[in-house]
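[1] sequence plus predicted model, see below.
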Amino acid sequence: VRIGDLFDDGPLKCRTVVDMLPSNASAEAQTSEQLAALEARVRTLEIENATLRASDNGHHNHQVECSSELLDVVLAQLTAGVLVVNQAGECLVHNRIAAELTGIELAGTAMSEWPSTIRVFELDGITQVPSAQLPWTRALAGEVVTDWHVVMDAAHLDSPRTLALSSQPLRDGDTIWAAAVIVDDITERIQARRELKRSTFELQSFAHVVSHDLHEPLRKVTSFTSLLQEDYGDQLNAEANEYIDFMVEGATRLRRLLLELLDYSRLTTNRHQMQPVDMHLLTQEIVTQMRATIVAADATIAFDDLPIVIGDKEQLRCLIEHLLANALQFRGPDAPRILIAATNGAAAWQFSVRDNGIGIAPKYQERIFSPFQRLHARDAHPGTGIGLAVCARIVSGHGDELTVQSELGQGATFRFDLPHTQRQTAP
């Protein structure tokens, strides 16, 4: 059945079907251009059809035919199934996706014939949905159904599919003459969500292992090795004491690595606690806490008029701490000078953390944001190689990407955006 053959004002009524297209990102990405062109075309045809009907009925029929062909093309390209069902329960219009999902010849098929071929259940997969609750039945009664999730089982399917159903009545004045139904197969999306939950649970289990099952025995190794050195160090020769020093150093480094791995895993498993965060006060607190390290490095840290942003306060604290620690660690021959600044961009606050350190060669500027990527020997610059990976994950969780501008020997500038509220000057 051709779409334009269903009604006199073909383009005007078919627009309702187009308006109901699913709102998920993948469907919108594939159909947005076609829909925009279709909407513009429909508006033009409404005016032209009114004129043509008054002047030349033959031209009007040709115009409706063109509109019908255009809608056929759009419906064929959609990733969701589209059905139009009349008051007699007959399927008047459908696209390829709808036919593939149902596995039956839809054209002219009465919906009353469906239960023997297709069964629709609630999400539990057990409770069958009564025919009076099916979306086309509800739409023909005047109800609008939006994103209703059900499970459909049919003989032609290898396994039941999870569907998102939407429907709305199509009206001719005050009369409902048909129902438009959108059927979106979200089976893979639901499976991906379940897989994500499983992965999150595994990461949470990993975090527990790191924080307790591994951390506790490691603490014992460190403690008893230190006690061994304190109590019996004078009875051991220099070589034995050197071995103990290696053990303590290795255990301490491993403990620090496990703690940072725990922080990194928590960025994935913990939900963001988004709230207004005064970055000026937060940076003041961090600088106060790092005072001993800053004084030892003879460093100067400057920041003025940092704004209030929307973010996870503890994660933003971790971000600034890591960036400052990175600047202090990879300092050059001159005393470290670090500047934290923010400018008010159109969509977000644009932050920068600039230092005068040893810099980063351009070929390594993407590598540094991956875990355990070290550019220097441990004896030259100690560390775990995970700090900047933590920073990148935090910035990503706040909707942006951490970047760096640097040349070897000329310092580095790290940049990131944070959502902003009204600009306020911190006291």
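    Yep, that arrived.
[2] lowest average confidence across helices and strands of the protein, where is it?
    Ranking every helix and strand in the chain by mean pLDDT, DSSP states H and E puts helix 10-19 at the bottom, with a mean of 43.
[3] can you pull the phi/psi pair for residue 341?
    The phi and psi values for residue 341, taken as degrees, to the nearest 10, are phi -140, psi 160.
[4] so what's it up against?
    303-304, 351-352, 354 (C-beta atoms under 8 Å, 6 or more residues apart in numbering). All C-beta spots, glycine's among them, are computed from the backbone N, C-alpha and C.
[5] quick one: the helices in the stretch 251-400 of the chain, in order.
    For the stretch 251-400 of the chain, the helices defined by DSSP state H, counting those that start in this stretch cover 279-289, 291-296, 313-329, 387-397.
[6] for the last one, packing partners?
    The one in question is helix 387-397. Counting by 3 or more C-beta pairs under 8 Å, 6 or more residues apart in numbering; DSSP states H and E, the packing neighbours recorded for helix 387-397 are helix 238-269, helix 313-329.
[7] need those in CSV with mean pLDDT, can you?
    Shown next, in CSV, are the helices and strands packed on helix 387-397 (pLDDT from 0 to 100):
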stretch, mean pLDDT
helix 238-269, 79
helix 313-329, 91
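[8] comparing the ones you listed, which comes out most buried?
    Sort the helices and strands packed on helix 387-397 by mean neighbour count, taking mean count of other C-beta atoms under 10 Å, and helix 313-329 sits at the top with a mean of 20.
[9] how about the strands in the stretch 51-200 of the chain?
    Secondary structure of the stretch 51-200 of the chain (DSSP state E, counting those that start in this stretch): strands located at 81-86, 91-94, 118-121, 145-154, 161-172, 175-185.
[10] minimum distance to residue 236: which of the ones you listed has it?
    Comparing those by their distance to residue 236 (C-beta to C-beta), the top pick is strand 161-172, with 67.3 Å.
[11] which elements pack onto that closest one?
    Using 3+ C-beta pairs under 8 Å, 6+ apart, strand 161-172 is in contact with helix 10-19, helix 135-140, strand 145-154, strand 175-185, helix 187-208.
[12] ok, now which ones touch residue 139?
    85, 145, 167-169, 176, 179-181.
[13] list the buried residues for stretch 289-308?
    Within stretch 289-308, the residues scored as buried using 16 or more other C-beta atoms under 10 Å are 290, 294, 299, 301, 303, 306-308.
[14] now the terminal residues of that stretch, how far apart.
    21 Å (C-alpha to C-alpha, to the nearest Å).
[15] chain center to it, what's the gap?
    34 Å (C-alpha atoms, centre = their mean, to the nearest Å).
[16] quick one on the thing from earlier: same list (the helices of the stretch 251-400 of the chain) but as JSON lines, adding distance to residue 344.
    Listed next are those as JSON lines, based on distance: least, C-beta to C-beta, whole Å:
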{"stretch": "helix 279-289", "distance to residue 344": "13"}
{"stretch": "helix 291-296", "distance to residue 344": "28"}
{"stretch": "helix 313-329", "distance to residue 344": "18"}
{"stretch": "helix 387-397", "distance to residue 344": "18"}
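[17] between the ones you listed, which one is nearest to residue 119?
    The nearest among the helices of the stretch 251-400 of the chain, by C-beta to C-beta, is helix 387-397 at 41.7 Å.
[18] could I have the closest one exported to CSV, CA atoms only?
    Extracted in CSV, the C-alpha atoms of helix 387-397 (Å, rounded to 0.1, in the frame of the first residue of the first chain):
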residue,chain,number,x,y,z
GLY,A,387,48.4,9.8,37.8
LEU,A,388,47.7,11.4,34.4
ALA,A,389,45.5,8.4,33.4
VAL,A,390,43.4,9.2,36.5
CYS,A,391,43.2,12.9,35.5
ALA,A,392,42.1,11.9,32.0
ARG,A,393,39.4,9.6,33.4
ILE,A,394,38.1,12.4,35.7
VAL,A,395,37.9,14.9,32.9
SER,A,396,36.2,12.4,30.6
GLY,A,397,33.6,11.8,33.4
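[19] what strands line up against the next helix or strand after that helix, and which way round?
    Using DSSP states H and E, the next helix or strand after helix 387-397 towards the C-terminus is strand 403-406. When sheet partners are counted by DSSP bridges, strand 403-406 sits next to strand 412-418 (antiparallel).
[20] quick check: residue 317 touching residue 282?
    Yes - using C-beta atoms under 8 Å, residue 317 is in contact with residue 282, at 6.0 Å.
[21] what's the separation between residue 82 and residue 122?
    Residue 82 sits 24 Å away from residue 122, going by C-beta to C-beta, to the nearest Å.
[22] and residue 410, by the same measure?
    63 Å.
[23] do the same with residue 263
    41 Å.
[24] if we can go back for a sec, which one of the helices and strands packed on strand 161-172 lies nearest to residue 324?
    The nearest among those, by C-beta to C-beta, is helix 187-208 at 25.2 Å.
[25] now the angle between helix 238-269 and the helix or strand following that closest one, please.
    With elements assigned by DSSP H and E, the helix or strand that comes after helix 187-208 is helix 215-232. Counting by axes from the mean of the first three to the mean of the last three C-alpha atoms, to 10 degrees, helix 215-232 lies at 160 degrees to helix 238-269.
[26] residues of helix 215-232 that come out buried?
    By neighbour count on 16+ other C-beta under 10 Å, the buried set for helix 215-232 is 222, 225, 228-229.
[27] adding pLDDT, write the residues you listed out as TSV.
    Output for the buried residues of helix 215-232, formatted as TSV (pLDDT from 0 to 100):
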residue	pLDDT
222	83
225	85
228	86
229	82
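[28] as JSON lines, those residues with distance to residue 401 would be great.
    Output for the buried residues of helix 215-232, formatted as JSON lines (distance: C-beta to C-beta, whole Å):
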{"residue": "222", "distance to residue 401": "38"}
{"residue": "225", "distance to residue 401": "42"}
{"residue": "228", "distance to residue 401": "48"}
{"residue": "229", "distance to residue 401": "46"}
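[29] out of those residues, which one sits closest to residue 162?
    residue 222 (51.0 Å).
[30] wait, isn't the closest one in contact with residue 248?
    Yes - here residue 222 reaches residue 248: they are 6.4 Å apart, a contact under C-beta under 8 Å.
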